[in-house]
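Student: coordinates only, sequence not included:
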């Protein structure tokens, strides 16, 4: 089955604004837009839900003023409002567990001086989870590289099999 993205004009505008103040986030989003052949897909309005086949993985949120230099982007395990009709299963642990448990993520976060911020929260079911805030910095590229590794692993692939960082 070929999975398809549902990208709104507002989302596309937000992505384009990143090109000017947060290029690493811009590149990451443009790369993951192209992963349909591996089972990944997106649903958007203003922000974005990222899926693997029928599984919701994470909610990517722009800063409310998406074009404000220095503003973070947010990765959340909680979806906003509703999931895509073809991806009804909420499975953020598929993304967050390997990301947050990796030694590389912990190293990046601890060295980033608050530029990669992990905030605990309690979800609607009373389960502790975490949101990750990523600020434009030299650590952002390392964070997105770790996300690429996790995403490739979800598909059972090596990161070099599905990402060509020099292609964008």
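Tutor: Received the coordinates, thanks. Please read all numbers here as calculations on a predicted model, not as lab measurements.

Student: hey, let's count contacts and neighbours off CA atoms from now on
Tutor: OK.

Student: what about stretch 121-129, how long is it end to end?
Tutor: One end of stretch 121-129 sits 5 Å from the other (CA to CA, to the nearest Å).

Student: do the same with stretch 19-38
Tutor: Counting by CA to CA, you get 25 Å between the two ends of stretch 19-38.

Student: now do stretch 55-70
Tutor: End-to-end distance (CA to CA), stretch 55-70: 31 Å.

Student: In this structure, which residue sits furthest out from the middle?
Tutor: Taking CA atoms, centre = their mean as the measure, the residue most remote from the mean C-alpha position of the chain is residue 126, 23.1 Å away.

Student: where do the helices sit along the protein?
Tutor: With DSSP state H as the criterion, the chain has helices at 9-21, 23-32, 93-100, 103-111, 138-154, 159-162.

Student: For residue 73, find the nearest of these.
Tutor: helix 23-32 (7.9 Å; CA to CA).

Student: one step back: present the helices of the chain as JSON lines; the columns should include mean neighbour count.
Tutor: Formatted as JSON lines, the entries for these read as follows, by neighbours: other CA atoms under 10 Å:
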{"stretch": "helix 9-21", "mean neighbour count": "16"}
{"stretch": "helix 23-32", "mean neighbour count": "18"}
{"stretch": "helix 93-100", "mean neighbour count": "18"}
{"stretch": "helix 103-111", "mean neighbour count": "15"}
{"stretch": "helix 138-154", "mean neighbour count": "19"}
{"stretch": "helix 159-162", "mean neighbour count": "14"}
